[in-house]
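In: 3D, please:
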Amino acid sequence: MNATLSNTKDPAVPDIGRESDLLRVVTDGLRERLPREWVVEMQLAPRLGGWRPDALLEISAPDGTSGTMLVEAKLALEPRAVEPLVMMLERALVDADLPTEAKGPPMVVSRFISPRSRDLLEQAGASYADATGNLRIALERRQLPFVDIRGDWAAREAAAIAAVTRALTS
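Out: Just a heads-up that it's a prediction; the model follows:
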């Protein structure tokens, strides 16, 4: 399954002061965007082998097919932090006691993920979500359908660009 919701500007970033609140906001956003028949479960601070990621996210399709991702939450995410963060999650995933067929790519969540950080996460094959609505879920499962979601931010940005273009050409 692949889902993408894009926001290219730094909007008013929600005032979220704790990573646990950020994880709740992202989980609620996923539940709102996926079809009702799908199940989204987030387990906070699971102990997996010698690792303790911020969360374990499981997305299940109506037919029972599921994918599980280790999640790291950051209130702020700089592009330079993306590669080491993804590498840490990948090492943890190798050691995690999860069925191989259920393991999905690492996932990073933040209050806002800049376009550059999103590009780096995509290049690394990671999933991401932020509290402003940017979302990419990359579960490569034959049974999980491809899902491409575009949100309000992209529509608002296109409308703003069109308005500026009209003003400049008038």
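
In: Which strands or helices does whichever strand or helix holds Val94 pack on?
Out: Assigned by DSSP states H and E, Val94 belongs to helix 79-95. Contact partners of helix 79-95 among helices and strands, from 3 or more Cβ pairs under 8 Å, 6 or more residues apart in numbering; DSSP states H and E: strand 66-74, strand 107-110, helix 115-123. Quick note: C-beta positions are derived from backbone N, CA and C, even for glycine.

In: any idea of the mean pLDDT in the host helix or strand of Ile59?
Out: Assigned by DSSP H and E, Ile59 falls within strand 55-60. The average pLDDT within strand 55-60 is 92.

In: Make 9 the first number, not 1, from now on.
Out: All right, first residue 9 from here; so that's strand 63-68.

In: now the angle between strand 74-82 and that strand, please.
Out: Between the axes of strand 63-68 and strand 74-82, defined by axes from the mean of the first three to the mean of the last three Cα atoms, to 10 degrees, the angle is 150 degrees.

In: pLDDT weak spots in this structure?
Out: Where the chain drops to pLDDT under 70, the residues are 9-22, 149-178.

In: at 50 instead, please
Out: Residues of the chain meeting the criterion pLDDT under 50: 10-18, 151, 153-160, 163-164, 166-169, 175, 178.

In: how near is the closest residue in space to Ala100 that isn't next to it in sequence to Glu80?
Out: Spatially, and ignoring its direct neighbours in sequence, Ala100 is nearest to Trp59 (3.8 Å; Cβ to Cβ, 6 or more residues apart in numbering). Applying Cβ to Cβ, to the nearest Å, the value for Trp59 to Glu80 is 11 Å.

In: For these two, indicate the residue with more neighbours.
Out: Glu80 (21 against 16; other Cβ atoms under 10 Å).

In: if we can go back for a sec, from what I can see the residue nearest to Ala100 touches Val102, true?
Out: No - Trp59 is beyond contact range of Val102, at 9.6 Å (criterion: Cβ atoms under 8 Å).

In: is the residue nearest to Ala100 in a bridge, and if so with what?
Out: Legend: beta-bridge partners of Trp59 under DSSP bridges are Leu56.
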